[in-house]
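>>> Build the 3D model from these lines:
(chains A and B)
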2 protein chains.
Amino acid sequence: MSIRAVLFDVFGTLLDVHSIRARADELFPGQGMRLSQLWREKQLEYTRLRTIGSRYANFTQVTEDALQYACEALALPLDAAARGLLMHEYTQLSPHPDTVPALKRLQEHGVTIGILSNGDQALLEDVLHGAQLADYFDVLLSADQVHAFKPAPSLYELGPLTLKHPAHDLLHVSSNCWDAIGAKWYGYVTFWVNRGGAPVDRLSTAPDASGASLDEAVSFFLQQRKH
Amino acid sequence: MSIRAVLFDVFGTLLDVHSIRARADELFPGQGMRLSQLWREKQLEYTRLRTIGSRYANFTQVTEDALQYACEALALPLDAAARGLLMHEYTQLSPHPDTVPALKRLQEHGVTIGILSNGDQALLEDVLHGAQLADYFDVLLSADQVHAFKPAPSLYELGPLTLKHPAHDLLHVSSNCWDAIGAKWYGYVTFWVNRGGAPVDRLSTAPDASGASLDEAVSFFLQQRKH
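Sure, this is the predicted structure:
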């Protein structure tokens, strides 16, 4: 195995999607965690339903739809100002503490690094800029290019097409187990960053490797590269 | 509009998927509701991920995979006997109180009635037999025929193909809002049975009508038929 590049998932993997909790708690005291969780659940659900039904709308739209649903379900009054604040907060997500050290370590080894994400191009540029991560990446691959969300094969296919290496020479890193499995289904070498000690999803296939941090993903990459 | 037949979703719509709660509570005291909810969530998630990734496994398999995940996530020890009991319970789901009266009313009007479900044929026959509903239905349309789960267009397409009427002459009834919307995307007239007063899913399209019970769905059908 000779891995030529690393593609990272963004939401959940490099950035903490629950970092909006504090802002949500200011707007809706005591409800920040519930809102953050339901918002994320519905966001993922809507990406999948739209992909299966061939009714693509971009991730920003889906995220706003999910926010509106979540607030309605939790009986939280979401006026235009609150909606604007929370949607803006979504462009200002915090990186996980292990994100910058891992990217720096790969950069020091001269590794080609990219993004493979459900996010649309504008949102990706905003969040990576907001988190001061933009300079680390050689390529940004987005669901918007294929009008389908993960785990659509057409989205994973952007990696080999863009980087000119077969999927089995690319490492895909995600904190979402189902995303690591989706990439594995497509043919990538996959690393699951399992920060919370979750069980592996039961989808007949497992990620190639897993660990508790992005640092372990980088170590896995460097080991594999030696072979 | 002249609606020629009614197709029902099964799990959640005719049958109460949380009726396994009592059995789960016997096995894992105090945990029945949490297990029932997570089991259902993962079951739906797995149907969608497998459909997007073209990795079909039938609904019985997906249901067992979801059960195993849910028990692991909740740290509930699931031995082979408990697994067997809970999977058997899934073939013995209770009908909702409004199910039999609604089917009887349609039958009295001589309406063609069918099932359009994620369930595989064997599971559908088991659950309909278990709930004493089998005799009401003229057709059973199953994800197993197309190796894709809702909201896959190929699954909804079985209605028009089998019943020889265009989708806009068929009424699709589901308690799952996303399923009603998926059927609407395909072209059906759709009724959402919203027993719990949930918000409508925000997927750019809404069901044609909704109400709190299957009885209201039947009334909607009889009104539409008059036109």
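>>> what comes up buried for the lengthiest helix in chain A?
Within chain A, and with DSSP state H defining each element, the longest helix by residue count is helix A:32-52. Residues A:32, A:34-36, A:38-40, A:42-52 are the ones in helix A:32-52 that count as buried (16 or more other CB atoms under 10 Å in any protein chain shown). To be clear about C-beta, it is placed using only N, CA and C from the backbone, and glycine gets the same treatment.
>>> which residues make contact with stretch A:39-55 from outside it?
A:17-18, A:20, A:56-57, A:59, A:62-63, A:65-67, A:69-70, A:118, A:143, A:148-150, A:152, B:45, B:48-49, B:51-52, B:148-153, B:178, B:181-182, B:185, B:201-205 (CB atoms under 8 Å, 6 or more residues apart in numbering or on different chains).
>>> Now do it, average pLDDT.
Average pLDDT, stretch A:39-55: 97.
>>> Only alpha carbons, please: show it as CSV.
Included here for stretch A:39-55 are C-alpha records, laid out as CSV according to Å, rounded to 0.1, in the frame of the first residue of the first chain:
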residue,chain,number,x,y,z
TRP,A,39,-30.1,20.4,14.4
ARG,A,40,-27.3,18.1,13.5
GLU,A,41,-29.5,15.0,13.3
LYS,A,42,-32.0,16.6,11.0
GLN,A,43,-29.2,18.1,8.9
LEU,A,44,-27.8,14.7,8.2
GLU,A,45,-31.2,13.2,7.7
TYR,A,46,-32.1,15.8,5.1
THR,A,47,-28.9,15.3,3.2
ARG,A,48,-29.7,11.6,2.9
LEU,A,49,-33.3,12.0,2.0
ARG,A,50,-32.5,14.5,-0.7
THR,A,51,-29.8,12.4,-2.1
ILE,A,52,-32.0,9.3,-2.3
GLY,A,53,-34.8,11.3,-3.8
SER,A,54,-32.6,13.2,-6.2
ARG,A,55,-33.7,16.5,-4.7
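>>> The longest helix of chain A: what's the following helix or strand?
helix A:59-73 (DSSP states H and E).
>>> now that following helix against helix A:32-52, angle please.
With axes from the mean of the first three to the mean of the last three CA atoms, to 10 degrees as the criterion, the two stretches helix A:59-73 and helix A:32-52 enclose an angle of 130 degrees.
>>> do helix A:59-73 and chain B meet at all?
Yes. Part of helix A:59-73 sits near chain B under the criterion CB under 8 Å from any CB of the partner chain, namely A:65-66, A:68-69, A:72-73.
>>> separation between A:Val6 and B:Phe149?
For A:Val6, the distance to B:Phe149 under the criterion CB to CB, to the nearest Å works out to 32 Å.
>>> Among the two, which residue is more densely surrounded?
Summary of the neighbour comparison: A:Val6 and B:Phe149, criterion other CB atoms under 10 Å in any protein chain shown, with B:Phe149 having more neighbours (26 against 23).
>>> Quick check: the more buried one touching B:Ala143?
Yes. Taking contact to mean CB atoms under 8 Å, the distance of 5.0 Å between B:Phe149 and B:Ala143 places them in contact.
>>> any common contacting residues for the two?
Common neighbours of B:Phe149 and B:Ala143 (CB under 8 Å, 6+ apart) are B:47, B:56, B:59, B:118, B:155.
>>> Checking the residue lying closest to the second one once chain neighbours are set aside next. Helix, strand or coil?
Meaning B:Tyr56. Spatial nearest neighbour of B:Tyr56, excluding adjacent residues (CB to CB, 6 or more residues apart in numbering or on different chains): B:His147 at 4.0 Å. Per DSSP: H, G, I helix; E, B strand; the rest coil, the local secondary structure of B:His147 is coil.
>>> quick one: B:His147 and B:Phe59 touch, right?
No. Under the criterion of CB under 8 Å, B:His147 is not in contact with B:Phe59, lying 11.3 Å apart.
>>> between the two, which one's more packed in?
Each of B:His147 and B:Phe59 has its neighbours counted (other CB under 10 Å); B:Phe59 has more, 26 against 16.
>>> Name the secondary structure element that contains A:Gly119.
Assigned by DSSP H and E, A:Gly119 belongs to no helix or strand.
>>> cool, A:Trp192 as well?
Secondary-structure element containing A:Trp192, defined by DSSP H and E: strand A:189-193.
>>> mind giving me the domain split of chain A?
Dividing chain A into domains by automatic domain parsing, as the record does, gives the ranges A:5-15+A:93-226, A:17-92.
>>> Could you dump those into JSON lines with distance to B:Arg105 added?
Conversion of the domains of chain A to JSON lines gives the following (distance: least, CB to CB, whole Å):
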{"stretch": "domain A:5-15+A:93-226", "distance to B:Arg105": "41"}
{"stretch": "domain A:17-92", "distance to B:Arg105": "31"}
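>>> out of everything not next to it in sequence, what's closest to A:Ala206?
Excluding the flanking residues, the one nearest A:Ala206 by CB to CB, 6+ apart is A:Val200, at 5.7 Å.
>>> circling back: which ChimeraX command selects the buried ones in the contacts of stretch A:39-55?
Restricted to buried positions by 16+ other CB under 10 Å, the ChimeraX selection for the contacts of stretch A:39-55 reads:
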select /A:17,18,20,56,57,59,62,63,65,66,67,69,70,118,143,148,149,150,152 /B:45,48,49,51,52,148,149,150,151,152,153,178,181,182,185,201,202,203,205
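>>> got the residues of chain A near chain B?
When proximity is defined by CB under 8 Å from any CB, chain A lies next to chain B at A:45-46, A:48-55, A:57, A:65-66, A:68-69, A:72-73, A:148-153, A:178, A:181-182, A:185, A:198-199, A:201-205.
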